[in-house]
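[1] Structure for this input, please:
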Amino acid sequence: MPFRLLVLLLLSALFYAAFLNPGPSLAENPETPPTTLEEPVLRIPAVSGLDQLARDMNVLAADALEGRDTGSPGMYEAAEHIRKRFYEAGLVAPKKLPDSFQTFQLPSPPELGDDNSLATVLPQGKQTWKLEEDYIPCSFGGEGAFSGPVVFCGYGIADPEQNYDEFAGVDLKGKVALILRRVPGQTRPGSLYVGENGQIDTNVAALRSKMTNARKNGAAAVLFVNDLFSTREGKDELIAFGYGGSGGRDEVPAAHITQKAANQLLQKGLGLSLQEIDRSIESSMQPASAELNELTIEGKFDLQFSRTEGVNVIATLEPEDPENAETIVIGAHYDHVGWGKYGSLARGTEAIHNGADDNASGTAALMALADRIGKFKGQLKHRVVLIAFAGEERGLLGSKHYVESPVYPLAETRAMLNLDMVGRMSDEKLTVFGVGSSSVWKEWLDELERETELNFFREAKALGPSDHAPFYEKKIPVLHLFTGLHEDYHRPTDDIDEINIIGINRVVDVLEGITLALADSDARPDYIENKEWIQVGRHAGGRPFVGISPELDFEGNGFKLKAVTQNSPADHAGLEAGDVIVGVNGRGVNQRADFWAVVDQLKPRDTLQLQFIRDKQKLSSELKLDPPR
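    Predicted coordinates for the structure are as follows:
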């Protein structure tokens, strides 16, 4: 291991010895500079380095930035802050980008126009469907008219390697694909696309993946319908327009239809109900794809597209000999989903999504790294380039643009390290994806794990839904640091009150160690190819879904609910907004953390015995947990 990395690890040990007596909080320290955010404010122990991390978190996750949607004023304000912090740390703009801003064009989220139609064409006539009652166009699909026979394609999975291809044996060219949401085997933990903890394979379940599979097989359009596991108590909800983000004119038209509408098609075309077909697939784990008889679908979707601009913020720490140096890229995306109109998992909610963990945490860690390595300017063997990416939430657009228009040659790029969602560390756990992308990672991580006393969960696979993937596809070794999924993901409740600032700082310790090892070693990391995709939710601590949002300003004992998600486990258990949970599974609940500590020990389909207060009455209920969503 390079000498500087060993020195760093010794310094880290001294830091944590000092941290055992952390001192007063930010709120108690009159010398701490004020933040730009009044409430809520991330409060931290007064330990060197953490105060700046907290200030950066408070800036990026402030309501004033309105969720940092790519192309929005909030994105530009965040970009200015990041650039300023990079320069303060001693980094400089690349020669090719004198202002550090690499701009790129991207489609703005579409608006739903007025000229939409969908109808079933039968021998006896046409049956017209009602917009927002029977169907809703998908914002990530394309626009325009289409017409064709209907082919039921199961869950829309094309996985020949696992001998599960629902497009095999059917002719989809010029036809309309009818596809179920989620994955088969949801009642069978440990089955093909479901983890032992009940977590489904999010890559296979993604609607965009299903649409891509259908398009590759020649589909003229795609109709999605809720599978049996997506509905409870007969509630069959259409997704909101904007769910899944935006696609573009080149995509095939797509819509989400009700189970009632799908049943009409299947009964007429196959003589079977959706429930019968879904249960058959669930029990046999075999595709049941088939073309529907004697009917066609015709439709037209009116999506109004425009374009906007994204900005990657790029700064560099120049090495001792720039002419003979290679490059290490460290990145984090700083954009989020704005007001949640596009990309929110809180159905029917239009509110600021501050994205404190996703990914103000990674961006703040990136700026903290800049502070730490700035003192090595002109001393390292290789160049360190820091990039804050925009457009990640729109499909990794910023990182894809960089690898197509690199500021420094990709052939001379040694590795890419990615920070995405590093703000919720618990139990000293840190997930490291991409360990199998180079043979050097294991030895370095072994040393760092011992010295930092963290517990690394290591995943060899590197391809995943974050900004390291475009680099890996260009044959560059990668690592992605990650502290896990949670119930606030892509919801308005992903706010700074749940951020573990000390955990972020410990992630930066790991990141600094790897960065200095890369920048000060002679041997270049080798590249190992693996085309398998990471199943993020299965491996990274996805919490079973409950369906509740906290009242952040509540100061009493217990866990007060601000909202209950419709058709969620909490809804089915009879919980309501305003309820205060005071007990779970025989344990008292004095604050939110007490409740989640119990949930985090359980798996989907386990039950909670709840005690809660409503209108001064103590009530009880049983809640059955769902898989993470």
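[2] any low-confidence regions in the protein?
    1-48, 232-234, 248-249, 347-348, 535-543, 552-553, 628-629 (pLDDT under 70).
[3] Can you dump the C-alpha atoms of the helix ranked longest in the chain in PDB for me?
    The single longest helix within the chain, with elements called by DSSP state H, is helix 501-519. Output in PDB follows, covering the C-alpha atoms of helix 501-519 (Å, rounded to 0.1, in the frame of the first residue of the first chain):
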ATOM      1  CA  ILE A 501     -23.000  13.600   9.100                       C
ATOM      2  CA  ILE A 502     -20.400  11.500  11.000                       C
ATOM      3  CA  GLY A 503     -21.100   8.700   8.700                       C
ATOM      4  CA  ILE A 504     -20.500  10.900   5.600                       C
ATOM      5  CA  ASN A 505     -17.200  11.900   7.100                       C
ATOM      6  CA  ARG A 506     -16.200   8.300   7.500                       C
ATOM      7  CA  VAL A 507     -17.100   7.600   3.900                       C
ATOM      8  CA  VAL A 508     -14.700  10.500   3.000                       C
ATOM      9  CA  ASP A 509     -12.000   8.800   5.000                       C
ATOM     10  CA  VAL A 510     -12.400   5.700   2.800                       C
ATOM     11  CA  LEU A 511     -12.600   7.800  -0.400                       C
ATOM     12  CA  GLU A 512      -9.500   9.800   0.500                       C
ATOM     13  CA  GLY A 513      -7.500   6.600   1.100                       C
ATOM     14  CA  ILE A 514      -8.400   5.100  -2.300                       C
ATOM     15  CA  THR A 515      -7.900   8.400  -4.100                       C
ATOM     16  CA  LEU A 516      -4.400   9.000  -2.700                       C
ATOM     17  CA  ALA A 517      -3.500   5.400  -3.400                       C
ATOM     18  CA  LEU A 518      -4.600   5.800  -7.000                       C
ATOM     19  CA  ALA A 519      -2.900   9.200  -7.400                       C
END
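[4] So residue 375, which state does it fall into?
    Secondary structure for residue 375, judged by DSSP: H, G, I helix; E, B strand; the rest coil, is helix.
[5] With adjacent residues omitted, what lies nearest to residue 620?
    Closest residue to residue 620 apart from its sequence neighbours, by Cβ to Cβ, 6 or more residues apart in numbering: residue 611 at 5.5 Å. Bear in mind the C-beta positions are built from the backbone N, C-alpha and C, glycine included.
[6] what sits against that neighbour?
    581, 582, 583, 584, 618, 619, 620 (Cβ atoms under 8 Å, 6 or more residues apart in numbering).
[7] Same list, the residues you listed, but as a markdown table with neighbour count, secondary structure and distance to residue 593 please.
    What follows is those, written out as a markdown table (neighbours: other Cβ atoms under 10 Å; DSSP: H, G, I helix; E, B strand; the rest coil; distance: Cβ to Cβ, whole Å):
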| residue | neighbour count | secondary structure | distance to residue 593 |
| --- | --- | --- | --- |
| 581 | 24 | strand | 12 |
| 582 | 19 | strand | 14 |
| 583 | 20 | strand | 15 |
| 584 | 21 | strand | 12 |
| 618 | 11 | strand | 21 |
| 619 | 13 | strand | 22 |
| 620 | 10 | strand | 22 |
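[8] isn't residue 398 right next to residue 405, touching?
    No - with contact defined as Cβ atoms under 8 Å, residue 398 does not reach residue 405; the gap is 11.0 Å.
[9] Show me which of the two is the more surrounded one.
    With neighbours defined as other Cβ atoms under 10 Å, residue 398 and residue 405 compare such that residue 398 has more, 29 against 11.
[10] Tell me how far that one lies from residue 482.
    18 Å (Cβ to Cβ, to the nearest Å).
[11] what's the answer for residue 193, then?
    Taking Cβ to Cβ as the measure, residue 193 falls 21 Å from residue 482.
[12] about what we covered before: residues shared between the contacts of residue 398 and residue 405?
    Here residue 398 and residue 405 share the contacting residues residue 104, scored by Cβ under 8 Å, 6+ apart.
[13] so how many other residues sit close to the residue lying closest to residue 259 once chain neighbours are set aside?
    Excluding the flanking residues, the one nearest residue 259 by Cβ to Cβ, 6+ apart is residue 236, at 4.7 Å. Residue 236: 16 surrounding residues under other Cβ under 10 Å.
[14] what residues are up against residue 236?
    Residue 236 touches 226, 258, 259, 260, counting by Cβ under 8 Å, 6+ apart.
[15] Now the closest residue to residue 134 other than its chain neighbours. Its backbone dihedrals?
    Closest residue to residue 134 apart from its sequence neighbours, by Cβ to Cβ, 6+ apart: residue 261 at 4.8 Å. Backbone torsions for residue 261, taken as degrees, to the nearest 10, come to phi -60, psi -40.
[16] thought residue 261 was touching residue 136?
    No - with contacts counted by Cβ under 8 Å, residue 261 stays clear of residue 136, the gap being 11.2 Å.
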